[in-house]
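Asker: Build the 3D model from these lines:
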Amino acid sequence: MKYFVYCRKSSEAEDRQVLSIDSQRDELLGKFQRHEGVEIIDVLLEAFSAKAPGRPVFDDMLRRIERGEAEGIITWHPDRLARNSIDGGRIIYLLDRQALKDLKFATFTFENNSQGKFMLSIIFGYSKYYVDNLSENVKRGNRAKVQRGGRPSMAPIGYLNDRSTKTTIPDPDRFPLIRRLFELALTGNYSLRALSRETQKWGLRTVQKKRIGGRYLTVSAVHHILRNPFYAALVVWEGQTHPGAHAPLVTVEEFQRVQDILSGRAKPVIQKRSFPFTGLIRCGECGFMVTAEERTNRYGSAYSYYHCTKRRPNYRCRQPFVPADHLQTMIENEVGRLALPEKYERWADAERQSAAARRDQERSLQTKATEGELEEVERMLSTLLMLRTRETIDDTEFITERQRLQVRKLILKERLHQADNGKDRFEPDRLLISFSNRAIFWLQEGDDEIKQRIVRAVGLNLVLTDKKLSFQARKPFLILSNIVCRSSLCARLYEVRTLYDARDPEMIETIELVKEVIEMMERKSQEKEAA
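Answerer: Predicted structure coming up:
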């Protein structure tokens, strides 16, 4: 009979005590190669976990068996074949169909009959139980360690794992340098690329291990460090944040300040010259970002212009520079197209007021009905208690009915609370129309921060090619474009509200950006009046 020799071992905990693949192969060939009636046609080696289906070598072996290339499998133990119910079922199904006629194990005797297949299924089941139980134990151990302030994974750069105490301790060589990295980031004057260059000047490298490490910090590595809450003595595990027991490298306030700087929410601390549209536009030729700079001509006059950063390796971008006032004009033209006629704003206000009146009336009727039902539930609970006191009903009936009424009472109270704190469904309409009709004025009169926020709110994928700007308007503004009549406006605004209520990501993000701009302009207006 023709056989495949199948040897498997993974690096996970489930196979930690199993012989290496080479040792399995040598043991199996030494034991079965000279057996009478055994013809080994191929030796298959696989370094893959069996706790889930999808092992390529194993799957290919079963396909070859179904094609008739072999009729048996030789392996170290049944758990080398399967540690999950699907692969175990496939083996037994092939035995049932006689496509697979024999299994030979170094540590287990198998006979291809009903009793043998029953025992094999038990061993497969135990192998799956072992993996599941091991996974549960690991997860439980990790949760316990996190609750004690520990970190189940390897310590990040700047810290070391102390094997004797099983705790995380500061790395005496790298801890001060990572602290210095955060200090530079806190100034707001360094880009991630500049921070990476600074760490290279200090000679900061990752921890050298057998095959990896010993390298300078890349831009992405610096970004990962600055985003890691572990440095503020916070351990994030399974979506929850726990206080860490290790020494913090920065305070929580400092860490949050760095997050604001990285996200662009923090105001720059010191900046020689700011440009409103940097970081928003890409070059249409090479795809890299467009930056800006200020120069002085020979007559002493300062001028600003935007141009490609030209950082694409081994490529010479030929895009020309664009004067800052020319780019401003192009952006104003694009934003100006979003403005709606004044009558549309009046129509929207009228529709909003009419709908609000209808909503208030409906809410009043619903509140009265809910309050009446709540009073009825309270009365039924009192009656139920009286019936139990008189022993008219038994404990089981009392507990069941009381639980049902209490659940209903909670639902009704929550409904009343929602009615009292109901959100304004028409707020997206108001914000978008107000922004659309004032954005061009704010863009012309606002400071650099306002200009940048307006462009972020309005468009996506801004591209500059041959001194021409193109961009894709965000979804809400696309919906509100090309309106021809009042009914069309109402239909488009209804679409906006529907997407907003459905928590459409782009719609939510746009409304939040628009709201920030409006609130900023209102604050500036109040500050101006107070002055």
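Asker: Strands along the stretch 151-300 of the chain, start to end?
Answerer: 159-162, 167-170, 234-237, 240-243, 281-283, 290-296 (DSSP state E, counting those that start in this stretch).
Asker: Same check on the chain?
Answerer: Counting by DSSP state E, one finds strands in the chain at the ranges 2-8, 39-46, 72-75, 102-105, 159-162, 167-170, 234-237, 240-243, 281-283, 290-296, 302-308, 322-323, 459-465, 468-473.
Asker: Same list (those strands) but as CSV, adding mean pLDDT.
Answerer: Formatted as CSV, the strands of the chain follow (pLDDT from 0 to 100):
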stretch, mean pLDDT
strand 2-8, 93
strand 39-46, 92
strand 72-75, 94
strand 102-105, 92
strand 159-162, 86
strand 167-170, 86
strand 234-237, 76
strand 240-243, 71
strand 281-283, 93
strand 290-296, 88
strand 302-308, 91
strand 322-323, 94
strand 459-465, 89
strand 468-473, 91
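Asker: Redo the ones you listed as a markdown table? Include mean neighbour count.
Answerer: For every residue, glycine as well, the C-beta is placed using N, CA and C. Formatted as a markdown table, those follow (neighbours: other CB atoms under 10 Å):
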| stretch | mean neighbour count |
| --- | --- |
| strand 2-8 | 22 |
| strand 39-46 | 15 |
| strand 72-75 | 23 |
| strand 102-105 | 20 |
| strand 159-162 | 16 |
| strand 167-170 | 18 |
| strand 234-237 | 17 |
| strand 240-243 | 13 |
| strand 281-283 | 21 |
| strand 290-296 | 15 |
| strand 302-308 | 16 |
| strand 322-323 | 17 |
| strand 459-465 | 17 |
| strand 468-473 | 16 |
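Asker: low pLDDT regions in the stretch 301-450 of the chain?
Answerer: In the prediction, the stretch 301-450 of the chain carries residues with pLDDT under 70 at positions 352, 355-356, 418-425.
Asker: Kindly report the same for the stretch 151-300 of the chain.
Answerer: For the stretch 151-300 of the chain, the ranges with pLDDT under 70 are 151-153, 237-241, 265-273.
Asker: do you know which of the strands of the stretch 151-300 of the chain lies nearest R359?
Answerer: strand 240-243 (38.1 Å; CB to CB).
Asker: what does the domain assignment say about this structure?
Answerer: 2-144, 159-263, 272-360+425-531, 361-420 (automatic domain parsing).
Asker: sorry, back to before: with distance to R55 as added columns, please give the strands of the stretch 151-300 of the chain in CSV.
Answerer: Formatted as CSV, the strands of the stretch 151-300 of the chain follow (distance: least, CB to CB, whole Å):
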stretch, distance to R55
strand 159-162, 32
strand 167-170, 35
strand 234-237, 30
strand 240-243, 33
strand 281-283, 43
strand 290-296, 49
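Asker: so which of these comes closest to Q328?
Answerer: That would be strand 290-296 among the strands of the stretch 151-300 of the chain, by CB to CB, at 11.2 Å.
Asker: now the angle from that closest one to strand 459-465?
Answerer: Counting by axes from the mean of the first three to the mean of the last three CA atoms, to 10 degrees, strand 290-296 lies at 60 degrees to strand 459-465.
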